[in-house]
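Q: for reference, the sequence and a predicted model appear below.
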Amino acid sequence: MKPANPSQACHHPEHHVHEPTAYIQEVGKVCSERGLRLTPLRERVLRLIASAGKPLKAYTLLDMMHDGRGAVAPPTVYRALDFLLDNGFIHKLESINAFVGCHQPRSHHSVPFLICDRCQVAVELEDEGVTRLLIQQANALGFVPQAQTLEVHGVCANCSQDGQL
């Protein structure tokens, strides 16, 4: 789900890469700078996620990975997903067990997501205030956050307009 104006969701759109080919190129540059290898398999997984337009489940990815030589082994795809997650190139949406590309591949960050329960698209919001507030409240309770995923479910503007409420 892309908002009509991406800057509505991205407070700093100049730091975000939304177009799949440019996104893959940016991730490739980041890998080179960090001394990481974006292997052909990792790139292929990343390209499928970036081009999907909505979150992809691992088994959907596995189905998409079939080629003329047969299926790709699940552990191989999971290792590629782990690499992409660990390096901040994709996000995992825990509530729907699916993956989306990170529009800000140069930095690790916590991101709230808006997930449409009708069309399954997700919008990555960049809002440091939300992240900061959650950490402050956790710390006030003596809780030390290790990871943070905020997912808000509802119905997107497109589905609302289509009368799919």
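A: Good, I have the coordinates. Numbering: from 1, shown residues only.
Q: residues touching residue 130, list them.
A: Applying CB atoms under 8 Å, 6 or more residues apart in numbering to residue 130 gives the contacts 112, 150. C-betas here are computed from N, CA, C, even on glycine.
Q: try 10 Å this time
A: Applying CB atoms under 10 Å, 6 or more residues apart in numbering to residue 130 gives the contacts 110-112, 148, 150.
Q: just checking, which of those residues belong to strands?
A: 112, 150 (DSSP state E).
Q: can I get the contacts of residue 130 in a markdown table with distance to residue 104?
A: Output for the contacts of residue 130, formatted as a markdown table (distance: CB to CB, whole Å):
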| residue | distance to residue 104 |
| --- | --- |
| 110 | 11 |
| 111 | 8 |
| 112 | 13 |
| 148 | 15 |
| 150 | 16 |
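Q: filter the contacts of residue 130 down to the buried ones.
A: Among the contacts of residue 130, those classed as buried by neighbour count (16 or more other CB atoms under 10 Å) are 110-112.
Q: now stretch 157-164: buried residues?
A: Result for stretch 157-164 [16+ other CB under 10 Å]: buried residues 158-159.
Q: same question for that stretch, mean pLDDT?
A: The average pLDDT within stretch 157-164 is 80.
Q: roughly how far apart are residue 91 and residue 140?
A: Residue 91 sits 26 Å away from residue 140, going by CB to CB, to the nearest Å.
Q: equivalent analysis for residue 160, please.
A: For residue 160 relative to residue 140 (CB to CB), the value is 36 Å.
Q: can you check residue 84 too?
A: Taking CB to CB, one finds residue 84 at 34 Å from residue 140.
Q: name the residue in those two with the higher neighbour count.
A: residue 84 (24 against 8; other CB atoms under 10 Å).
Q: that one: what's it in contact with?
A: 27, 38, 42-43, 45-46, 49, 90-92, 99, 101-102, 105.
Q: residue nearest the centroid of the chain?
A: Nearest to the geometric centre of the chain sits residue 100, at 2.9 Å (CA atoms, centre = their mean).
Q: secondary structure class for it?
A: Following DSSP: H, G, I helix; E, B strand; the rest coil, we place residue 100 in the strand state.
Q: which residue is the nearest non-sequential neighbour of it?
A: Counting by CB to CB, 6 or more residues apart in numbering, residue 100 lies nearest to residue 55, which is 4.8 Å off, once chain neighbours are set aside.
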